[in-house]
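> quick one, structure for this:
(6 chains)
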Number of protein chains: 4
Amino acid sequence: MNVQFKMENISDKKKAIFESTINLITENGFHGTPMSMVAKNAGVAVGTIYHYFESKNQLIGELHAYNRGRVVEIIKETIGENISHKKTFQNIWTNLYQFYIENTNVLIFFEQFINSPYNINKFPTHFQGELFDFFKGGIGKGEIKDVKPEILVVLTLGSITTSAKLHKFGSIPLNFTDQHNIIQILWDGMAVNKE
Amino acid sequence: MNVQFKMENISDKKKAIFESTINLITENGFHGTPMSMVAKNAGVAVGTIYHYFESKNQLIGELHAYNRGRVVEIIKETIGENISHKKTFQNIWTNLYQFYIENTNVLIFFEQFINSPYNINKFPTHFQGELFDFFKGGIGKGEIKDVKPEILVVLTLGSITTSAKLHKFGSIPLNFTDQHNIIQILWDGMAVNKE
Amino acid sequence: MNVQFKMENISDKKKAIFESTINLITENGFHGTPMSMVAKNAGVAVGTIYHYFESKNQLIGELHAYNRGRVVEIIKETIGENISHKKTFQNIWTNLYQFYIENTNVLIFFEQFINSPYNINKFPTHFQGELFDFFKGGIGKGEIKDVKPEILVVLTLGSITTSAKLHKFGSIPLNFTDQHNIIQILWDGMAVNKE
Amino acid sequence: MNVQFKMENISDKKKAIFESTINLITENGFHGTPMSMVAKNAGVAVGTIYHYFESKNQLIGELHAYNRGRVVEIIKETIGENISHKKTFQNIWTNLYQFYIENTNVLIFFEQFINSPYNINKFPTHFQGELFDFFKGGIGKGEIKDVKPEILVVLTLGSITTSAKLHKFGSIPLNFTDQHNIIQILWDGMAVNKE
DNA sequence: GATGAATGAGGTTTCATTCAT
DNA sequence: AATGAATGAAACCTCATTCAT
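Just a heads-up that it's a prediction; the model follows:
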């Protein structure tokens, strides 16, 4: 597996720093989160952070890599289940959505990170590859309309992230039926109408 | 009309400051854009910015309000055309998409703004209202599936913004056919199948 | 007479600027009183102040000179009345005290001015000369104890200014009897006990 | 004892900052003393000041509290000696006067502080309480004239501070005899004439 | 005379980073 | 490994002064 690293291998201090950093950055933004605040929140001294991370840049970069890995892992595992395309699509949507409403700070962090001086690559290509291949396969088997796979990735990810933000910040949460409806609409639009 | 304010009524200096600010923030982020940089880029002295805006906070707030107004205006005008729901939906998608690929900095600015300490309201409800009513109308007339209108807003906005970012930052741009396909997929999924 | 200038000869604008300046400085201090604030409070434009005064330094300097003149005038007039030393002393105390409780901002302004970079001469010698001569005369005539006249000046001015501040800022105001008592105590101490 | 804090318990850096601040402010005023100047004079970096004090406001506030404490201490100790009222009065006058001519910068600092935006309470009530009680006691025992104790406080403090300033800034210093004369005059005026 | 937009030096404060302990 | 006092560049913002109108 090419996952960058697992939390299990990380020291408690480093874990606490990671946790503090993403929470504080999500709350206050990069600029609103000085290293001293991270240190205090993580219960360590400022200097200690610099034992584990070369710089603030690096800390944020590693935090990003770690969470990117979590999402990629979810997609991979879901796709790897080898069931029907429709069912797999449903699972991808549900699993990612579930992850993002349980970890909204990760989603917020991603969006802040993408357009920040901390990021070098501008587009969140990190989990496009897997989805891309999945949709390409579906098109190849004639189950999904013959359009650019990128389009399908866009529709899927765009709806998941926007829904998760709606769930978190909107006035009404999306219930099970709502999620089902979204998936249905997308699949109805993407799938080849067989009869 | 209740548009906040028009660029025509704004002094040249203020316009230059606005323009510089959104470009620089899109490029470097809020933190990476000191007032001195805005001033230099706009060809004015730092003090001049403070003649027009109380603080960096206020400058960014007004910039947001102004651009939010532009987007709302597009949606309103498109919806106001009073044509079939399908055609209106196509136009909304195309017009917003067109606006965002021509003004990607506005899109990036919005995403940076939403999750920043500069923002007070967390969710971008600013152009939900108009779209919401449009979809509700379509559901009422039996042309659109009977689901929560929020879902349709999410699908629409999520696909537009993600597509615009793909177009800007992705390896391949979306052509006319691709746009058409996305719209088709969404409408196929959302519309009530009449026959 | 060597009074610097009279208010009568001053234009309305200049008068308004003077009035605003002393009030605002008394309230907010020199640093807390920008020229823009003076302008606004006086109902004139910033540039207008610079028609009447070369700089903030000069404005404050003239303000000081003007008010110093007012106090000197009071002392001179009181001393010029040519009555008994005791009565003159009483009048000096009462008149100055009266002036300072009616114009506490002048007193506050003096104290702020004395120890400020705006002041060149450190000690408030401006009204020492007249009082000095008065006490010297009293000593010469054997009515006042033979001590350094400076001492008597100190006792007089120190009690007046401290009383005026007590009256303004203290919890209880000094009534007529209190004033009388202070004057009595001072004169009892200073006067030669004749019998 | 309820003394606020002692210099002994303060770090060397903080001490140096305190010392620099009072000297520079006395010389140049609040506005004429930027933090960079304090830092340079104290031999520390600007940031270091902010390690010890939250802001310039707080630095000045603490400086005031510390020096107020010194003066209160002198008065308390002098009054606590439990000797005759006359002798105590003489000691108070002499000790405070001595303190102020040895620490004129403290006196100047007080006067600048009192009428500054840094001060919240306008009147220097800080050492009124102790003196007030002392005089009240004297009146109760029939040794001092029955007038408002505030009056006696005013006469005492007014003469001490004005004398100290005369000594520092006047053309001629006040010698031992002069001090004695002032005390004599005040006591003659205040004391009940017993025979 | 009068205005107030424009300037930019300089003020207060923050914060990533270092290093002696 | 861990600490946190110390640093100083750089951020935001103010304000005395100028000058075209």
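> going forward, measure contacts between C-alpha atoms and count neighbours the same way
Noted.
> quick check, residue A:31 in contact with residue B:31.
Yes. In this structure, residue A:31 is within contact of residue B:31 by Cα atoms under 8 Å, at 6.0 Å.
> for chain D, see how far away residue A:81 is.
57 Å (Cα to the nearest Cα, to the nearest Å).
> list the contacts of the residue lying closest to that residue once chain neighbours are set aside.
On the basis of Cα to Cα, 6 or more residues apart in numbering or on different chains, the spatially nearest residue to residue A:81 that is not a chain neighbour turns out to be residue A:88, at 7.8 Å. Counting by Cα atoms under 8 Å, 6 or more residues apart in numbering or on different chains, residue A:88 makes contact with A:78-79, A:81-82.
> single out the residue in chain A that lies closest to DNA strand E.
Across chain A, no residue is closer to DNA strand E than residue A:34, which sits at 3.1 Å (Cα to the nearest atom of the strand).
> that residue: neighbour count?
Number of residues near residue A:34 (other Cα atoms under 10 Å in any protein chain shown) recorded here: 15.
> please report phi then psi for it.
phi -70, psi 160 (degrees, to the nearest 10).
> show the subsequent helix or strand relative to the longest helix seen in chain A.
Criterion DSSP state H: the longest helix present in chain A is helix A:56-79. Sequence-wise, the next helix or strand beyond helix A:56-79 is helix A:85-102, with elements assigned using DSSP states H and E.
> dump stretch A:160-176 to CSV, restricted to CA.
Only the C-alpha atoms of stretch A:160-176 are listed here, as CSV (Å, rounded to 0.1, in the frame of the first residue of the first chain):
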residue,chain,number,x,y,z
ILE,A,160,-20.7,15.2,-1.7
THR,A,161,-18.8,18.3,-0.5
THR,A,162,-21.6,20.7,-1.0
SER,A,163,-24.0,18.4,0.7
ALA,A,164,-21.7,17.9,3.7
LYS,A,165,-21.3,21.7,4.0
LEU,A,166,-25.1,22.1,3.8
HIS,A,167,-25.5,19.5,6.4
LYS,A,168,-23.0,21.2,8.7
PHE,A,169,-23.8,24.9,8.1
GLY,A,170,-27.3,24.9,6.6
SER,A,171,-30.5,25.4,8.6
ILE,A,172,-31.8,21.8,8.0
PRO,A,173,-29.7,18.6,8.0
LEU,A,174,-30.0,16.1,5.2
ASN,A,175,-31.6,12.9,6.4
PHE,A,176,-31.3,9.4,5.0
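> from residue A:89, how far out is residue A:181?
13 Å (Cα to Cα, to the nearest Å).
> and residue A:70, by the same measure?
Distance from residue A:70 to residue A:89, by Cα to Cα: 19 Å.
> roughly how far apart are the closest residue to residue A:79 other than its chain neighbours and residue B:41?
Nearest non-adjacent residue to residue A:79, counting by Cα to Cα, 6+ apart: residue A:88, 6.3 Å away. Computed as Cα to Cα, the residue A:88 to residue B:41 distance reads 50 Å.
> also residue A:14?
In this view, residue A:14 and residue B:41 are 41 Å apart by Cα to Cα.
> now swap in residue A:185 and tell me
For residue A:185, the distance to residue B:41 (Cα to Cα) stands at 47 Å.
> more neighbours, the two?
Taking neighbours as other Cα under 10 Å, residue A:185 and residue B:41 compare with residue A:185 leading, 22 against 17.
> mind listing what's buried along stretch A:138-149?
Within stretch A:138-149, the residues scored as buried using 16 or more other Cα atoms under 10 Å in any protein chain shown are A:138-139, A:143-149.
> C-alpha coordinates for that stretch, PDB please?
Provided in PDB are the C-alpha atoms of stretch A:138-149 (Å, rounded to 0.1, in the frame of the first residue of the first chain):
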ATOM      1  CA  GLY A 138     -18.400   1.800 -15.900                       C
ATOM      2  CA  ILE A 139     -18.400   3.500 -19.200                       C
ATOM      3  CA  GLY A 140     -16.400   0.700 -20.800                       C
ATOM      4  CA  LYS A 141     -18.900  -1.800 -19.600                       C
ATOM      5  CA  GLY A 142     -21.700   0.300 -21.100                       C
ATOM      6  CA  GLU A 143     -23.400   0.900 -17.700                       C
ATOM      7  CA  ILE A 144     -22.500   4.600 -17.600                       C
ATOM      8  CA  LYS A 145     -23.100   7.200 -20.300                       C
ATOM      9  CA  ASP A 146     -20.200   7.800 -22.600                       C
ATOM     10  CA  VAL A 147     -19.000  11.200 -21.300                       C
ATOM     11  CA  LYS A 148     -15.700  12.500 -20.100                       C
ATOM     12  CA  PRO A 149     -15.000  10.600 -16.800                       C
END
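> quick one: it to chain centroid distance?
24 Å (Cα atoms, centre = their mean, to the nearest Å).
> contact residues of chain A facing chain C?
With Cα under 8 Å from any Cα of the partner chain as the criterion, chain A does not meet chain C at any residue.
> interface residues of chain A facing chain B?
Neighbours of chain B within chain A, by Cα under 8 Å from any Cα: A:26-29, A:31-32, A:108, A:111-112, A:115-117, A:122-123, A:147-148, A:151, A:154-155, A:157-159, A:161-163, A:165-166, A:169-170, A:178, A:181-182, A:184-190.
> contacts only, for the residue of chain A found nearest chain C.
Closest residue of chain A to chain C, Cα to the nearest Cα: residue A:32 (29.4 Å). Listed by Cα under 8 Å, 6+ apart, the contact set of residue A:32 reads A:25, B:117.
> against residue C:83, how distant is it?
Where residue C:83 is concerned, residue A:32 sits at a distance of 73 Å (Cα to Cα).
> likewise residue A:91?
Applying Cα to Cα to residue A:91 and residue C:83 gives a distance of 108 Å.
> how about residue A:53?
For residue A:53, the distance to residue C:83 equals 87 Å [Cα to Cα].
> what does residue A:133 give?
Separation of residue A:133 from residue C:83 (Cα to Cα) stands at 111 Å.
> and what of residue A:184?
From residue A:184 to residue C:83 the distance is 108 Å (Cα to Cα).
> hang on, isn't residue A:183 packed against residue A:93?
Yes. Residue A:183 lies in contact with residue A:93 (Cα under 8 Å); the separation is 7.2 Å.
> with adjacent residues omitted, what lies nearest to the closest residue to chain D within chain A?
Going by Cα to the nearest Cα, chain D is nearest to residue A:36 of chain A, at 12.5 Å. Spatially, and ignoring its direct neighbours in sequence, residue A:36 is nearest to residue A:46 (5.8 Å; Cα to Cα, 6+ apart).
> residues in contact with the one you found?
Contacts of residue A:46 were listed using Cα under 8 Å, 6+ apart, and they are A:35-36, A:39-40.
> gap between it and residue A:71?
Residue A:46 is 30 Å from residue A:71, by Cα to Cα.
> ok, now residue A:150?
Residue A:150 is 18 Å from residue A:71, by Cα to Cα.
> who's more crowded, the two?
residue A:150 (22 against 17).
> residue A:134 is in contact with the more buried one, correct?
No. Using Cα under 8 Å, residue A:150 makes no contact with residue A:134, being 11.0 Å away.
> which ones are touching the residue in chain A that DNA strand F sits nearest to?
Going by Cα to the nearest atom of the strand, DNA strand F is nearest to residue A:47 of chain A, at 3.0 Å. Residue A:47 makes contact with no residue, according to Cα under 8 Å, 6+ apart.
> same question for residue A:40.
residue A:46.
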